[in-house]
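>>> Got a sequence here, can you build the structure:
(chains A, B, C and D)
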Protein chains: 2
Amino acid sequence: MALGAEQGMAGLPTITAVAQVAGVSVATASRALHGGGASAATAERVRLVAEQLGYRPNAVARALQGGTIGQIAMIVPDAANPVYARMTSAVQHELAADDRHLLVAQAQDPADVAAAIGRFGPSTIDGLIVVPLRPEPQVLEALDAARVPTVVIGSLPLTAVHGAVGADSRAGVQLAIDHLVAQGAQRIAFVNGPVDTTPGRMRLEGYRLALDAAGLDFDPALVVAADDFTHAAALPAIDALLERSARSFDAIVAANDLIAFAALRVLSDAGIAVPGDCLVVGMDDTELAQMAIPSLTSVDLGAEARGTLAAQQLLASLRGEADAISHATVVPRLVVRESSTRRDRP
Amino acid sequence: MALGAEQGMAGLPTITAVAQVAGVSVATASRALHGGGASAATAERVRLVAEQLGYRPNAVARALQGGTIGQIAMIVPDAANPVYARMTSAVQHELAADDRHLLVAQAQDPADVAAAIGRFGPSTIDGLIVVPLRPEPQVLEALDAARVPTVVIGSLPLTAVHGAVGADSRAGVQLAIDHLVAQGAQRIAFVNGPVDTTPGRMRLEGYRLALDAAGLDFDPALVVAADDFTHAAALPAIDALLERSARSFDAIVAANDLIAFAALRVLSDAGIAVPGDCLVVGMDDTELAQMAIPSLTSVDLGAEARGTLAAQQLLASLRGEADAISHATVVPRLVVRESSTRRDRP
DNA sequence: TTGAAAGCGCTAACAA
DNA sequence: TTGTTAGCGCTTTCAA
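Now for the predicted structure:
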């Protein structure tokens, strides 16, 4: 004894310290602390000592020799965006319940996403959740090169061997349009985000499908795409819509809530009342939606649910559950509020 | 040679593989890859081999033997809250530029915050950023027990040896009130969050100081506190304010934008026009503020700046810069929008 | 059931 | 300038 491995001196107590105090070998201590074969008495004693010393296993050492480090990384386009913030929050909660940590990285452009994936060195993460805006080959390659179980949030070419949790944007837009039609809308405009993104593409598809289903004509003059899924980028797009369509629409579907807010603003400035003269529906059902005046009808695409599901799927796969990795889809839900319900005009 | 450490077989190439291929010892390879003493020729050759093999240093192994792992943890009350989301995003950007990763954890209650701090085992992080809502002794103790450089975002008893970056809530509220007074407001109500939080306490102080400075009386009937800094919690509080004050106020300062939105809603429902009958100012200058209708005047308390500063301070201290750890304060900035400017009534 | 020893990938003495 | 050796904390053979 007294080999210099006294606890508390330089740093936290190690398993060596625990073993010493308990009077067993390091190997036995290790076994006692995990499931492994150790006599009940020994196990009990070691555990007691460990607790008294405040022993915390060193995740780094454990990871080094092949184990897991208890960390999951998540790559989102923009952590400040309310949708991704909620997703991130949900993932973190789920991981915390499993005593794991969450690494958050941000990347938008395919090249950056690929780089971000590659930036996680060997052993540093047990799993990966990626939210790609644009699922280009670059990203898919990087995903394949990742050495850890991966779940993608967002649609993915079906060839991929990774897990995936998607929103059903198409169905979401259809929900919105069916609702607007039921409210009596005839000419429904659509303000999209960039069409080269997965959400942009899917939502446009949903728009066309829903119009078809409702027996309405597709009029290109009623469709615009903002350069980005943001409020700022949407403002000029909606200005353009007003002009191009000669204000002939009676409802607007926005590809997300931020764009819907831009619509509310432009309409308000143009003296078009919502919902009196024009109905508006957003998507994502951000917390903003219920706070707006008029409160915003929005399609909940399940940001939180997607985060939770992705985390659960990843955790299950880490636990070795065979059928853990799958392709799940969250069913959208329409939340009706003031902006789309024609009642009394204020 | 051919000792079984061939590259690419089981896992990524290690420094051993690089050394072998380059025909040098592992130590030399290590030295060549870092600054250390190695002949220019050797260094060059090793670096080339490393690149060809796609060698990535194993951060975990490096951390194990006492180095740094390149990870910073951040603990926020709620990652979904737009303010903390922005802060987190800013921190992440700053860290990424220094090639470090960000771990995000969420905890509100002091006990949970303390636990969250303790959950980071030895060697797993190089530094820590904490955003405590309530700086109770429990949290301070946990902070002191942390073995890594720490920066606190939010005010802290000055005894602490950690870095700190604070908002000047007091000055922020004063900015708001001075502005309202300049707009002609006489009876300014204040809708606060919980007073046992640091922001809650400071903002209330600022309110009283500013009233004093403006020569206005403090009327308890004009002050309410929501149970939480959220929209939902603020609604009943503002209802109570209307009742209690007999609607005798002509302006409202809200402790944050979410509460301000609640005010807009309650006022709207009560038929009180903003800014016509009542001016409203929020705090935090969330992205929501510019999106609202009427757009919301708000005091920018520098969420992003605080995140950036905290990260910079932490990084500097990790670099060993002596005077890195300090107590900084971000100066608030009033952003005037429609909700507080009496012009034409719509 | 337990202990001794090897080794994960890396850096840092210490020698040569 | 380079190589040899030890060791970070842990798990895991392999013997006893």
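
>>> show me where pLDDT drops low in chain A?
A:1-10, A:158-160, A:343-346 (pLDDT under 70).

>>> interface residues of it facing DNA strand D?
By CB under 7 Å from any atom of the strand, the residues of chain A that approach DNA strand D are A:11, A:14-16, A:26-27, A:30-31, A:33-34, A:36, A:55-58, A:61-62, A:64-65, A:67. Where C-beta positions appear, they are placed from N, C-alpha and C, glycine not excepted.

>>> Pull out the buried members of those.
A:Thr14, A:Ile15, A:Ser30, A:Arg31, A:Leu33, A:Tyr55, A:Arg56, A:Pro57, A:Asn58, A:Ala61, A:Arg62, A:Leu64 (16 or more other CB atoms under 10 Å in any protein chain shown).

>>> re the thing from before, which of the residues of chain A next to DNA strand D fall in helices?
Counting by DSSP state H, those place A:Ile15, A:Thr16, A:Val26, A:Ala27, A:Ser30, A:Arg31, A:Leu33, A:Ala61, A:Arg62, A:Leu64 in helices.

>>> list the contacts for the first one?
Okay, so that is A:Ile15. For A:Ile15, the contact set (CB atoms under 8 Å, 6 or more residues apart in numbering or on different chains) comprises A:Val26, A:Ala29, A:Ser30, A:Leu33, A:Tyr55, A:Pro57.

>>> And the closest residue to the second one other than its chain neighbours, which helix or strand is it part of?
What that stands for is A:Ala29. Nearest residue to A:Ala29, sequence neighbours excluded (CB to CB, 6 or more residues apart in numbering or on different chains): A:Ala19, at 3.9 Å. For A:Ala19, the host element (DSSP states H and E) is helix A:15-22.

>>> The one residue in the stretch 201-346 of chain A that gets nearest to DNA strand D: neighbouring residues, count only.
Residue of the stretch 201-346 of chain A nearest DNA strand D, by CB to the nearest atom of the strand: A:Gly320 (13.3 Å). By other CB atoms under 10 Å in any protein chain shown, the residues close to A:Gly320 number 7.

>>> Quick check: it vs chain B, distance?
19 Å (CB to the nearest CB, to the nearest Å).

>>> tell me the SS of that residue?
At A:Gly320 the chain is in coil, as set by DSSP: H, G, I helix; E, B strand; the rest coil.

>>> hang on, the earlier thing: now the two most distant members of the ones in helices among the residues of chain A next to DNA strand D.
A:Arg31 and A:Leu64 (19.0 Å; CB to CB).

>>> returning to what we had before: I'd like the buried ones among the residues of chain A next to DNA strand D laid out as a markdown table, including distance to DNA strand C.
Converted to a markdown table, these look like this (distance: CB to the nearest atom of the strand, whole Å):
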| residue | distance to DNA strand C |
| --- | --- |
| A:Thr14 | 12 |
| A:Ile15 | 10 |
| A:Ser30 | 8 |
| A:Arg31 | 6 |
| A:Leu33 | 12 |
| A:Tyr55 | 16 |
| A:Arg56 | 18 |
| A:Pro57 | 13 |
| A:Asn58 | 11 |
| A:Ala61 | 7 |
| A:Arg62 | 8 |
| A:Leu64 | 4 |
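
>>> Same list, the ones in helices among the residues of chain A next to DNA strand D, but as JSON lines with distance to B:Gly127 please.
Converted to JSON lines, those look like this (distance: CB to CB, whole Å):
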{"residue": "A:Ile15", "distance to B:Gly127": "25"}
{"residue": "A:Thr16", "distance to B:Gly127": "27"}
{"residue": "A:Val26", "distance to B:Gly127": "30"}
{"residue": "A:Ala27", "distance to B:Gly127": "34"}
{"residue": "A:Ser30", "distance to B:Gly127": "30"}
{"residue": "A:Arg31", "distance to B:Gly127": "34"}
{"residue": "A:Leu33", "distance to B:Gly127": "28"}
{"residue": "A:Ala61", "distance to B:Gly127": "20"}
{"residue": "A:Arg62", "distance to B:Gly127": "22"}
{"residue": "A:Leu64", "distance to B:Gly127": "21"}
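
>>> Pick the one among those closest to A:Leu315.
A:Arg62 (17.8 Å).

>>> now that closest one: how far from B:Ala80?
31 Å (CB to CB, to the nearest Å).

>>> repeat for A:Phe249
With the distance defined as CB to CB, A:Phe249 ends up 33 Å from B:Ala80.

>>> And A:Ser123, by the same measure?
A:Ser123 is 30 Å from B:Ala80, by CB to CB.

>>> So for those two, which residue has more residues nearby?
Per other CB under 10 Å, whichever of A:Ser123 and B:Ala80 has more neighbours is A:Ser123, with 25 against 22.
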